[in-house]
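Visitor: how would this look folded up:
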Amino acid sequence: MYLTHFGLSEFPFALTPDTQFYFDLPSHREALNVLLIALQNGEGFIKITGNVGTGKTMLCRKLLHELQDPFITAYIPNPHLTADGLHLTMAEEFGISFTQSAGRSKLLRQINAFLLNAAANQQKPVLIIDEAQAMPLETLEALRLMTNLETEKKKLLQIVLFGQSELDELLQKKSIRQLRQRISFSYALKTLETQDVNAYIKHRLSIANINKPTVFSAIANNALHFYSKGIPRLVNILAHKALLSAYGKGLKKIGLKQVILAARDTEDTCIHRLPFECRKSILFSFLLSLCLLIIQLAKIYL
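Guide: Numbers count the residues shown, from 1 in each chain. Here you go, the predicted structure:
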């Protein structure tokens, strides 16, 4: 495709959460600091929320890489499980030996014994759950009961919940108010500002070994922010399609036109809220370019 054309060693805007491409964006840095401080302090529940595409899974993977000894981690990417399913998956992730025929009470005793042994060896077990908004209420309650396992000095298990904004709505339900009250630290990921998008694009291109980090023009970067609404996943999708469009025309630099074409071809971009005639208009493209340039100059001089 366009790898050779742009001098890339790999695709810089793939949607898989590859921590090699992790960029220390302000919001992600703050969230990671919250997580590391809370886990070092031995807090029970920690919650990270964000809209679709804001980089929760990438941050989750980054956290898993950051947590070294004495932390022991278990990761559940799909928590749409029954309470028993949660216990079984948790045991598997922590490497606890058990038989498939083991009943709930026996399995819980084995998990408790594992956690007590970890505490005796100065280890810190951490259960990390992605897409936590998908958990049934019964499973969330089972999760809360797991945090009752503690010594006189500290919790035996720490739990980190990553979820979409629907997780906050779920936690407002009266039936699980006790779990909500146990969340000691929380953070909501923010969307990217224009300057963040610019730095994000350059970072991912540099990781992919491009020899021209300015392959996206300033106006193209502004348009990426405008159309993506600062959502990293949409930035990736639009940037990838813009590179494809430029490659198809034999261009070495991405301008406004390539980003507009990418936005027209992508759901959830703000261009789809505009009248059809306006989207197709060359005048609209010119006016948008002018407006984005004015906004950029205003930020510099005001």
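
Visitor: So in this protein, where's the weakest helix or strand by average pLDDT?
Guide: Taking mean pLDDT, DSSP states H and E as the measure, helix 276-280 is the helix or strand of the chain with the lowest mean score, a mean of 47.

Visitor: Am I right that A118 falls within a helix?
Guide: Yes. A118: assigned to a helix according to DSSP: H, G, I helix; E, B strand; the rest coil.

Visitor: From Q110, how far out is T194?
Guide: From T194 across to Q110, the span is 52 Å (CB to CB, to the nearest Å). C-beta here means a position set from N, CA and C on the backbone, and glycine is covered the same way.

Visitor: Can you pull the poorly scored residue ranges out of the stretch 151-300 of the chain?
Guide: Along the stretch 151-300 of the chain, segments meeting pLDDT under 70 span 151-153, 210-213, 270-290, 292-293, 296, 299-300.

Visitor: could you redo the last one with a cut-off of 50?
Guide: By pLDDT under 50, the low-scoring segments of the stretch 151-300 of the chain are 275-282.

Visitor: Hmm, K252 and F6 touching each other?
Guide: Yes. At 7.4 Å, F6 counts as touching K252 under the criterion of CB atoms under 8 Å.

Visitor: quick one, helices of the stretch 101-250 of the chain?
Guide: Applying DSSP state H, counting those that start in this stretch to the stretch 101-250 of the chain gives helices spanning 104-120, 137-146, 166-171, 177-182, 194-207, 218-228, 232-248.

Visitor: what's the first one in contact with?
Guide: Think helix 104-120. Helix 104-120 has contacts (CB atoms under 8 Å, 6 or more residues apart in numbering) with 72, 83-84, 87-88, 90-91, 94, 96-98, 102, 124-125, 146, 149, 151, 154, 156-157.

Visitor: now that helix: how far from the chain's centre is it?
Guide: The chain centre lies 31 Å from the centre of helix 104-120; the measure is CA atoms, centre = their mean, to the nearest Å.

Visitor: Check the second one too.
Guide: Averaging C-alpha positions (CA atoms, centre = their mean) puts helix 137-146 24 Å from its chain's average.

Visitor: could you give the mean pLDDT of it?
Guide: What helix 137-146 shows for mean pLDDT is 89.

Visitor: which residues sit in contact with the closest residue to P77 other than its chain neighbours?
Guide: Closest residue in space to P77, ignoring its immediate chain neighbours: D130 at 4.8 Å, by CB to CB, 6 or more residues apart in numbering. Taking CB under 8 Å, 6+ apart, we find D130 in contact with 56-57, 60, 75-79, 162-163.
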